[in-house]
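Student: how does the following fold in three dimensions:
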Amino acid sequence: MTTIVGVDEAGRGPLAGPVAVGAVAVEDGFDLLTAFPGLNDSKKLSEKKREMLFSILEEQSCAGNVRFRVEFSSAEMIDEKGIMPAVCAALERGVRNLLPDPEKGKVFLDGALRASSEYEQETIIGGDGLVPTIMLASIAAKVTRDRLMQGIAKRFPAYGFDQHKGYGTKAHYAALIEYGLCEEHRRTFIHLGS
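Tutor: Residues are numbered from 1 along each chain as shown. Predicted coordinates:
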């Protein structure tokens, strides 16, 4: 049996919080579109629909039909190494966990993502809207990161992380001007005019 792994990331662009990489593994032949009604790119789904599909993912994982991981790289690492190396480090952890033996499967990645060269892999532009395992990986990454940002919002209530999830909204910039940066901010992403 061949294992198919889909990979996508969430949170590449925000000013705060970690970047998340979702990886989902299924045995070739398992019908994800039947198991996950309405499956699509996470960006095209409402928060409620994403949460519903994530609940099914957890159920299918418990049943042994699907395995998944969401790995994070922190704001500190993003500032230190850059966004692409931070994404790659999280991606590598997720793929290795789900497919420790590169000979036993294939990795499908969204956009410009790449796994290490020992893996058979295919990068698909717009894969999060085309390949069911990548769609699920995008949902896993987005839901898990959004939940994490809601937790961070409790530690730093002044910034409204529960609302914008760290993205550069007007309200977020206003909070940055008023309160300065917190430890969850990506210093290399923020340029406040003098």
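Student: show me what contacts the spatially most central residue of the chain?
Tutor: In the chain, the centroid-proximal residue (C-alpha atoms, centre = their mean) is residue 141; its distance is 2.8 Å. Taking C-beta atoms under 8 Å, 6 or more residues apart in numbering as the criterion, residue 141 is in contact with 8, 9, 10, 11, 20, 21, 22, 42, 70. Using the backbone N, CA and C atoms, a C-beta is placed for each residue, glycine as well.
Student: which of these are buried?
Tutor: Neighbour counting over these (16 or more other C-beta atoms under 10 Å) leaves 8, 9, 10, 11, 20, 21, 22, 42, 70 as the buried ones.
Student: just those residues now: which is nearest residue 175?
Tutor: residue 11 (18.2 Å; C-beta to C-beta).
Student: so that closest one sits right up against residue 42, yeah?
Tutor: No: look at residue 11 against residue 42 with C-beta atoms under 8 Å: they stay out of range, at 11.4 Å.
Student: average pLDDT for stretch 85-95, rounded please.
Tutor: Mean pLDDT, computed over stretch 85-95, is 98.
Student: okay, it in CSV with CA atoms only?
Tutor: What follows is stretch 85-95, C-alpha atoms only, in CSV (Å, rounded to 0.1, in the frame of the first residue of the first chain):
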residue,chain,number,x,y,z
PRO,A,85,13.4,28.2,6.3
ALA,A,86,10.9,28.4,9.1
VAL,A,87,8.2,26.8,6.9
CYS,A,88,10.6,24.2,5.6
ALA,A,89,11.6,23.2,9.2
ALA,A,90,8.0,22.6,10.2
LEU,A,91,7.2,20.9,6.9
GLU,A,92,10.2,18.5,7.4
ARG,A,93,9.0,17.5,10.9
GLY,A,94,5.4,16.9,9.7
VAL,A,95,6.4,14.8,6.7
